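Q: Provided below for reference: sequence and predicted model.
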Amino acid sequence: MKNLWQRMTAVAQQASAQGQLAIVASEYEIIAEGGIDFVLRYAPHLGGNKATARSDSSEQSLANPDNPFLHPDPALWVEALGQSHNLLLNKYSLLPLHGLITTRGFVEQSGLLNLADFSAIGGVLDQVDGLIFYNGGALAGASQTHRHFQLVPKDLGGGGLPIESAVQAWQRDSQQRIYPFVHRVHSLPNWQPETLLEAWHKLEFSWQACNLLITRQWMLVVPRTQASFGGLAINSLGLAGGLLAKNQQELALIRRLGPMALLGHVCHGL
């Protein structure tokens, strides 16, 4: 049987051939700062294309009553995740594989996460060792209100997950900080749904806008104070070490400030 990445690839190839999926062209550079090799992608086509203008937050547009998560495009559907969630492909993506874990019925994005959510996440992690992230509300980069999580491979372009080495340094020495602003990280003994839910409850920030990153090994939460800085939108991928510029002004802003300072402007200071 094909593994999940292979199934997603097969669906993506067919959807692309049908014109139902677009991988947006981009180029990237690495900016090393604070023990993290940030991947900075430059995708000027996003800035001028209304169809993909919102994919800076890596999410499809959601406008009722045409909610694509309530009525998924069959071309983008990968599989059911239990009775409550689906796995879809992101219609506009900067990465070759980008999945969306969506609730079948409408559930508020900024509401409290529950065991069903983590059952779907755990089921995905059973199949692939990827990165799952969640933008918890508009201030955390969510551009829509239907509950969804996102799945990408750990390689964001630089050969691996940029934040991984910093998390590993914290695991060796809990006095080490991953970021110079408020965050909490929790090592996971496994990725069973109950373990994930317990870790989420321990991380203290679930009641406010925050970014959530989950792998098989750890969970990290960063509370947010604003969705953007200088017109540059930032979501969970930014905290994972993946930043996006859609025009020369945004590119210059990131290079001038540096990734850490930029992220600090949208997060709680220590």
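A: Thanks, I have it. Since the model is a prediction, treat every value here as computed from it, not as a measurement. Residues are numbered from 1 along each chain as shown.

Q: in the stretch 51-200 of the chain, which spans are strands?
A: Taking DSSP state E, counting those that start in this stretch as the criterion, the stretch 51-200 of the chain contains strands spanning 77-81, 85-89, 92-93, 99-103, 131-136, 148-152, 184-187.

Q: contacting residues for the spatially closest residue to Leu125 that is not a sequence neighbour?
A: Leaving out its chain neighbours, the residue that sits closest to Leu125 by CB to CB, 6 or more residues apart in numbering is Trp191, at 4.3 Å. Using the backbone N, CA and C atoms, a C-beta is placed for each residue, glycine as well. By CB atoms under 8 Å, 6 or more residues apart in numbering, the contact list for Trp191 reads 121-122, 125-126, 214, 216.

Q: Show me the two of those that sit farthest apart.
A: Greatest spatial distance among these (CB to CB): Asp126 and Ile214, at 13.0 Å.

Q: Please render the strands of the stretch 51-200 of the chain as JSON lines that adds mean neighbour count and distance to Gly241 to the earlier fields.
A: JSON lines is the format used below for the strands of the stretch 51-200 of the chain (neighbours: other CB atoms under 10 Å; distance: least, CB to CB, whole Å):
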{"stretch": "strand 77-81", "mean neighbour count": "17", "distance to Gly241": "25"}
{"stretch": "strand 85-89", "mean neighbour count": "24", "distance to Gly241": "23"}
{"stretch": "strand 92-93", "mean neighbour count": "22", "distance to Gly241": "18"}
{"stretch": "strand 99-103", "mean neighbour count": "25", "distance to Gly241": "19"}
{"stretch": "strand 131-136", "mean neighbour count": "26", "distance to Gly241": "10"}
{"stretch": "strand 148-152", "mean neighbour count": "24", "distance to Gly241": "12"}
{"stretch": "strand 184-187", "mean neighbour count": "16", "distance to Gly241": "14"}
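
Q: Not counting its neighbours along the chain, what's nearest the residue nearest the centre of the chain?
A: In the chain, the centroid-proximal residue (CA atoms, centre = their mean) is Phe133; its distance is 3.8 Å. Spatial nearest neighbour of Phe133, chain neighbours left out: Ser236 (3.7 Å); criterion: CB to CB, 6+ apart.

Q: Leu244 now?
A: Here the residue nearest Leu244, using CB to CB, 6+ apart, is Arg41, at 5.0 Å.

Q: How much space separates that neighbour from Lys246?
A: According to CB to CB, to the nearest Å, Arg41 stands 9 Å off from Lys246.

Q: any idea where the helices of this structure begin and end?
A: Counting by DSSP state H, the chain has helices at residues 4-17, 44-48, 115-127, 164-172, 193-202, 236-240, 248-257, 259-264.

Q: looking at the ones you listed, which is closest to Leu270?
A: Closest among the helices of the chain, using CB to CB: helix 259-264, at 9.4 Å.

Q: Report the distance from that closest one to the chain centre.
A: Distance, stretch centre to chain centre, for helix 259-264: 17 Å (CA atoms, centre = their mean, to the nearest Å).

Q: Any buried residues in it, and which?
A: Neighbour counts over helix 259-264 (16 or more other CB atoms under 10 Å) mark 259, 262-264 as buried.

Q: To what extent is Arg172 buried, counted in neighbours?
A: By other CB atoms under 10 Å, the residues close to Arg172 number 8.

Q: in this protein, which helix or strand is least confident?
A: Every helix and strand in the chain was compared by mean pLDDT, DSSP states H and E; the lowest is helix 44-48, with a mean of 76.

Q: which residues does the closest residue to Glu29 other than its chain neighbours bridge with?
A: Nearest non-adjacent residue to Glu29, counting by CB to CB, 6+ apart: Leu40, 5.3 Å away. Judged by DSSP bridges, the bridge partners of Leu40 are Glu29, Leu243.
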